[in-house]
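> here is the input, now give the coordinates:
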Amino acid sequence: MAKGITRERIVGAALELLDDKGMDGITVRALATRLDVRPPALYWHLRNKQELLDEMSTTVMRRVSNALSQTSPGATWRADLAAYARILRTEFLLHRDGARMFSGTRITDPDVVRAREPWFARWTAQGLTLTEADDATDLIVAFVVGFVIEEQERRQSAETDPDRYSVTKRDVWLGPDVPLVKEAGHLRDDGDARFERHLGIVLEGLTARLV
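Sure thing, here's the model as predicted:
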């Protein structure tokens with residue numbers, strides 16, 4: 001075992017590598033180089049890349065749980081879910097490909113999963129069934145992951161090709177006979193305003209279904 005190498009150091013270095021190189025840059029060789037060890041040394045702590053991604057995602061979700069624990073409970077399950085969605089997005093955006101990295105991973109810290117207990121207790125006391133509470137949480141996670149993946153991909157693509165999403169060029173490409181499609185393209189906004197609008201739609205749908 002390489003002296004001084006711990007699982008925590010490996011995960012921290014992997015998150016730094018993610019920020020520098022993105023998901024495609026996370027390899028055992030690149031991570032070992034960053035830690036100044038030989039690649040086999042990493043296998044004392046993590047069996048494969050998927051296990052590494054699980055640990056990276058768990059680190060992010062641990063921060064989410066800590067942030068939620070410092071937030072006053074919402075007056076309703078809807079307010080709690082809105083706060084959860086905003087914190088999730090904030091934490092995913094702290095890392096390049098943060099949402100893409102999280103997708104499909106498994107949380108390895110039981111305390112992160114156990115943190116859902118007071119939410120479920122609160123929401124079932126407000127009238128939701130446990131199935132509804134669990135489904136609502138999963139839906140919010142899926143929405144935020146998908147939104148942030150698209151948000152980050154568009155931002156990173158625009159950095160290398162500023163004209164990629166030019167609405168003026170899109171208008172020319174579309175031609176003159178689709179004025180509503182062209183107008184919709186000019187209405188598109190990115191970032192906080194779009195996130196809040198879409199989150200509101202998701203929450204309105206949940207409210208209509210569950211209340």
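> how far off centre is the helix or strand harbouring residue 78?
Assessed by DSSP states H and E, residue 78 sits inside helix 77-93. Centre-to-centre, helix 77-93 and its host chain are 10 Å apart (Cα atoms, centre = their mean, to the nearest Å).
> can you check stretch 21-28 too?
Put simply, stretch 21-28 sits 17 Å off its chain's centre (Cα atoms, centre = their mean).
> and it, average pLDDT?
Mean pLDDT, computed over stretch 21-28, is 90.
> with stretch 191-208 instead?
96.
> tell me the helix or strand right after the helix holding residue 78.
Counting by DSSP H and E, the next helix or strand C-terminal to helix 77-93 is helix 98-102.
> alpha carbons of that following helix, as PDB, please.
C-alpha atoms of helix 98-102 as PDB (Å, rounded to 0.1, in the frame of the first residue of the first chain):
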ATOM      1  CA  GLY A  98     -21.000  17.300 -11.700                       C
ATOM      2  CA  ALA A  99     -24.400  16.000 -12.600                       C
ATOM      3  CA  ARG A 100     -23.100  13.600 -15.200                       C
ATOM      4  CA  MET A 101     -20.700  12.200 -12.700                       C
ATOM      5  CA  PHE A 102     -23.600  11.600 -10.200                       C
END
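> name the residues of the worst-scoring helix or strand of the chain on mean pLDDT that are buried.
Least confident helix or strand, the chain: helix 28-35 with a mean of 89, by mean pLDDT, DSSP states H and E. In terms of neighbour count (16 or more other Cβ atoms under 10 Å), helix 28-35 has its buried residues at 30, 31, 32, 34, 35. Backbone N, C-alpha and C define where each C-beta goes, glycine included.
> that helix: how far from the chain's middle?
The answer for helix 28-35 is 24 Å, by Cα atoms, centre = their mean.
> got any ranges where this protein has weak pLDDT?
Within the chain, the stretches with pLDDT under 70 are 1-4.
> break the protein into its domains for me.
Following automatic domain parsing, one gets these domains for the chain: 1-46, 61-210.
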